[in-house]
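*Asks:* next come a sequence and a model predicted from it.
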Amino acid sequence: MKAYIAGKISGDENYKEKFKKAQEHLEKEGLTVLNPAEQPEGMSAADYMRICFAMLESADIAVFLEDYTESKGAMLEWQWCQ
């Protein structure tokens, strides 16, 4: 089963560590993890969102981190999942 991680990235200096910790936890549960924090730097926000929606489309489930409501992108992902 594939799991997508959603949460705040922009404005969070420790986002990579936070997403990595979530990924490790999900992998221990036997899931294949789609981690949006592992993207190349330097693209536009719209480019990142297109990639994230493609990842969501491929996922079986989405896991929302506690801070997802603080992120415009994660809220778009939440709405898409609804």
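*Replies:* Nice, thanks for sending it over.
*Asks:* what sits closest to Lys72 if chain neighbours are left out?
*Replies:* Counting by C-beta to C-beta, 6 or more residues apart in numbering, Ser10 is the residue found nearest to Lys72 once chain neighbours are left out, at 7.9 Å. Placement of C-beta: from N, CA and C, glycine included.
*Asks:* ignore what I typed, I meant Thr32.
*Replies:* Lys2 is the one closest to Thr32 (C-beta to C-beta, 6+ apart), at 4.7 Å.
*Asks:* ditto for Gly73
*Replies:* In space, and not counting its chain neighbours, Gly73 is closest to Met49: 5.9 Å by C-beta to C-beta, 6+ apart.
*Asks:* what is the neighbour count of that neighbour?
*Replies:* As a burial measure, the neighbour count of Met49 was computed by other C-beta atoms under 10 Å and equals 16.
*Asks:* from Lys21, how far out is it?
*Replies:* Applying C-beta to C-beta, to the nearest Å, one obtains 23 Å for the distance of Met49 from Lys21.
*Asks:* ditto for Met43
*Replies:* Counting by C-beta to C-beta - Met43 and Lys21 are separated by 24 Å.
*Asks:* what does Leu56 give?
*Replies:* Counting by C-beta to C-beta, the separation of Leu56 from Lys21 is 20 Å.
*Asks:* what are the ranges of the helices in this protein?
*Replies:* Using DSSP state H, the helices assigned to the chain run over residues 15-28, 45-58, 72-81.
*Asks:* which one of these lies closest to Pro36?
*Replies:* Comparing the helices of the chain by their distance to Pro36 (C-beta to C-beta), the top pick is helix 45-58, with 4.9 Å.
*Asks:* picking that back up, Leu56 and Lys21: who's more crowded?
*Replies:* For Leu56 against Lys21, the residue with the higher neighbour count under other C-beta under 10 Å is Leu56, and the figures read 18 against 12.
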